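Undergrad: Just the structure for this:
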Amino acid sequence: MDIENLKANEDFDNLPDTFTIFITETDFFDAGQPFYPIERMNLTTKTAFGDGEHILYVNGAYRDGGEGEETEISRLMHDFSCSDPEDMKTDLMRETAEKYKYSPEGVKIVCKAMEDMRNEAVDRARAQDIRNLMKNLNMTVQQALDALGFTDEEKKKYAELV
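TA: This is a model prediction of the structure:
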């Protein structure tokens, strides 16, 4: 992820902090907590690594039942598991889900996002195929592109990606 946040020859200190959030279906750490912050550390000195990388595992199965009072995280995890917006407890989540699920404008946005994700996955797979040909068959980028039968336009695109 960092490569997209830093220009060539730019100092690593210029990297922004990154936050990666994994929402898991079940309690990944099996400790009954709503979420688990993960920070990298030097195991020898027991000090934080301090690289600005932050990871948060959210327990998607978390539902608190104490004192009849629901927390925001419990409501949010409930809403994430709903397929029908009408079952959602959070107004903003329900309204947003309804917009993207039922309005022509929302459906169009979701379809475009899915198409973009698919295209990115295809691009990554093709770039990896090119790298594999280069590594395993000692090909140059151009030879690999030719072997895969790419058009001139595709060759330009994938030569830049590789």
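
Undergrad: So for Gly66, what's the pLDDT?
TA: Turning to Gly66, the model gives it a pLDDT of 63.

Undergrad: Please, where are all the helices along this protein?
TA: 72-80, 91-102, 104-136, 141-147, 152-161 (DSSP state H).

Undergrad: so can I have CSV of the ones you listed showing mean pLDDT, mean neighbour count and distance to Asp64?
TA: Quick note: C-beta positions are derived from backbone N, CA and C, even for glycine. Converted to CSV, the helices of the chain look like this (pLDDT from 0 to 100; neighbours: other CB atoms under 10 Å; distance: least, CB to CB, whole Å):
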stretch, mean pLDDT, mean neighbour count, distance to Asp64
helix 72-80, 93, 16, 5
helix 91-102, 95, 14, 18
helix 104-136, 96, 12, 31
helix 141-147, 95, 16, 54
helix 152-161, 93, 13, 45
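
Undergrad: Columns distance to Gly52 on top of those, output as TSV?
TA: Shown next, in TSV, are those (distance: least, CB to CB, whole Å):
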stretch	distance to Gly52
helix 72-80	24
helix 91-102	29
helix 104-136	25
helix 141-147	33
helix 152-161	26
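
Undergrad: Indicate which one of these is closest to Glu53.
TA: Glu53 lies closest to helix 104-136 among the helices of the chain, at 21.5 Å (CB to CB).

Undergrad: for that closest one, packing partners?
TA: Applying 3 or more CB pairs under 8 Å, 6 or more residues apart in numbering; DSSP states H and E, we find helix 104-136 packed against helix 91-102, helix 141-147, helix 152-161.

Undergrad: how about a cut-off of 6 Å?
TA: helix 91-102, helix 141-147 (3 or more CB pairs under 6 Å, 6 or more residues apart in numbering; DSSP states H and E).
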